[in-house]
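**Q** Provided below for reference: sequence and predicted model.
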Amino acid sequence: MGIVSENLRNIREQIKLACEKSGRNADSVRLVAVSKTKPASAVLSALAEGQGLFGENRVQEAREKIPLVAAGGDAQGRDGIEWHLIGPLQRNKVKIAVKLFAMVHSVDSVSLAQELSSRALTIRPLPILIQVNIGGEVQKNGLPPGDTIDAISQMAAFDGVQIKGLMTVPPATQDPQGARPYFKELAELAATIKRLQIPGVEMTELSMGMSHDYTVAVEEGATLVRVGSALFGSRL
């Protein structure tokens, strides 16, 4: 058994246990295998074990990697790979991004949502998540929690995007439990937005939790967990 295979099995088991602990169905959580800085061969190793959802941080890296993975996957008779953009998106990369990704997790402004909408309209409505800077850290992207509802209300008017939920990267903590209050706050914000019933806005997805704290995120309602180093090993 290869290291990716073993790690993937362990991660799936941990997600299952976290779901059982919180009274959730394991099918309600999807693993986003974060393949940034990893070669196409690593992605294909995970693909061979049934992992179909992958996350990339940079548009240019994904642009080069995705065709290689698609070619390798097709050669092995495996289709249905889904790619999500989980890192910051520059306006000048939007045109490329809408063609590569099935979902963008990192929409942090009304203007970015509008640009995505304009570009995606000619292809298909693009599912997006709104990034919230839940910890108020100046070095991180994301809308302040207090501005999120107003921003989403504006974004809801853009026909080219579909707002599916929220995403956050909490302040770094050595103890995974330290992230719990931030995950809880994001889930509560999503619940508040859902109660508002803003036309065209869904709150079905919560993208939160990474390699060191994804089980805590699942316990607090994550539907998408972004796991890289725990699956593929340390970054190159």
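**A** Noted; the coordinates are in hand.

**Q** check Ala71 and give its pLDDT.
**A** Ala71 is assigned a predicted lDDT (pLDDT) of 83.

**Q** ok, now Asp79?
**A** Looking at Asp79, its pLDDT stands at 58.

**Q** please begin residue numbering at 27 from this point
**A** I'll keep to 27 as the first residue from here, and by that count the last item is Asp105.

**Q** correct me, but Met234 touches Thr241?
**A** No. Met234 is beyond contact range of Thr241, at 11.8 Å (criterion: Cβ atoms under 8 Å). Every residue, glycine included, has its C-beta placed from N, CA and C.

**Q** between the two, tell me which one has more neighbours.
**A** Neighbour count, other Cβ atoms under 10 Å: between Met234 and Thr241, Met234 has more, with 32 against 20.

**Q** for that one, phi and psi?
**A** Note on Met234: its backbone torsions stand at phi -160, psi 150 [degrees, to the nearest 10].

**Q** what's near enough to touch Ser179?
**A** Contact analysis of Ser179 by Cβ atoms under 8 Å, 6 or more residues apart in numbering lists Ile224.

**Q** try the one 4 residues further on
**A** Applying Cβ under 8 Å, 6+ apart to Ala183 gives the contacts Gly226.

**Q** looks to me like it is in a strand.
**A** No. Counting by DSSP: H, G, I helix; E, B strand; the rest coil, Ala183 is not part of a strand but coil.

**Q** Pro225 versus that one, what's the distance?
**A** Computed as Cβ to Cβ, to the nearest Å, the Ala183 to Pro225 distance reads 9 Å.

**Q** please apply the same query to Ile219.
**A** Distance from Ile219 to Pro225, by Cβ to Cβ: 12 Å.
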